[in-house]
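S.K.: the following comprises the amino acid sequence and a computationally predicted model.
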Amino acid sequence: MTDDQPTYLLIGEVLRPHGVAGELRVRVLTDYPERIVELDQIYLGTSPTSRKIKPHKLEKMRMHKGYALLKLARIDDRNLADRLRGLYVMVHIDEAIPLEDDEIYLYQLIGMRVQTTDGEDLGKITDVLETGANDVYIVNGGRYGEVLVPVTDETLIETDEINGIITVQLPDGLLPTT
């Protein structure tokens, strides 16, 4: 597990302009989209580690058909909005929603070891897929190579953040027989 805390967290991805007044249609990547409207400023860039992240004053935000529509200061027409297509919408880590005691940020999962309830090491988490129904941990490095672990109440047994170990109970047939 890594101790490196990012400066920014992803909250959305700009898909395209919406209308002609400079609004942005944004795919929401946060569990708390209602919190976006409370922000004075958001950040846009190609990734949370980019050196070219730029702040933008948020004028307003509304939800429309499952997407966030953002209006930023000084982005007043469709052409200016189109230049932001494909960028990520981020929040500074200091403005992020405080987590509950049993919650963990996705970036903190990367590098954690995954083991079965029998103690078998499956490898380390290299990525997390957010599918909508449930997250999926991509685990690499164990004897099975890449393993996709669905994160459900039945499979996720324990997350030991201190020791960097996640214990899972895998459904029958998920691992190849050897």
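M.R.: Good, I have the coordinates.

S.K.: from now on I want contacts and neighbour counts done on CA atoms only, so please keep to that.
M.R.: Fine.

S.K.: now the helix or strand that contains Glu59: buried residues?
M.R.: Glu59 belongs to strand 54-64 when assigned by DSSP states H and E. Along strand 54-64, these residues count as buried under the neighbour rule (16 or more other CA atoms under 10 Å): His56, Leu58, Lys60, Met61.

S.K.: report the rounded mean pLDDT for whichever helix or strand comes after that strand.
M.R.: Heading C-terminal from strand 54-64, the first helix or strand you meet, by DSSP H and E, is strand 67-72. Regarding strand 67-72, the rounded mean pLDDT is 97.

S.K.: confidence-wise, which helix or strand of this structure is lowest on average?
M.R.: helix 106-109 (a mean of 85; mean pLDDT, DSSP states H and E).

S.K.: okay, that one in PDB with CA atoms only?
M.R.: Backbone C-alpha positions of helix 106-109 (Å, rounded to 0.1, in the frame of the first residue of the first chain) are rendered in PDB as follows:
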ATOM      1  CA  LEU A 106     -10.000   4.100  -4.100                       C
ATOM      2  CA  TYR A 107      -6.400   5.400  -4.500                       C
ATOM      3  CA  GLN A 108      -5.600   3.800  -1.100                       C
ATOM      4  CA  LEU A 109      -6.500   0.400  -2.400                       C
END
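
S.K.: gap between that helix and the chain center?
M.R.: On the basis of CA atoms, centre = their mean, to the nearest Å, helix 106-109 sits 9 Å off its chain's mean C-alpha point.

S.K.: return the set of residues that bridge with Lys71.
M.R.: For Lys71, the residues forming beta bridges with it (DSSP bridges) are Lys60.

S.K.: that one: what's it in contact with?
M.R.: By CA atoms under 8 Å, 6 or more residues apart in numbering, the residues touching Lys71 are Gly22, Glu23, Leu24, Leu58, Glu59, Lys60, Met61.

S.K.: likewise for Leu24?
M.R.: The neighbours of Leu24, taking CA under 8 Å, 6+ apart as the test, are Val14, Leu15, Arg16, Pro17, His18, Ala68, Leu69, Leu70, Lys71, Ala81.

S.K.: in a strand, that's where it is, yeah?
M.R.: Yes - checked against DSSP: H, G, I helix; E, B strand; the rest coil, Leu24 lies within a strand.

S.K.: for Asp118, see how far away it is.
M.R.: To Asp118, Leu24 is 48 Å away according to CA to CA, to the nearest Å.

S.K.: equivalent analysis for Leu109, please.
M.R.: Counting by CA to CA, the gap from Leu109 to Asp118 is 21 Å.

S.K.: looking at those two, which has the bigger crowd around it?
M.R.: Each of Leu109 and Asp118 has its neighbours counted (other CA atoms under 10 Å); Leu109 has more, 22 against 9.
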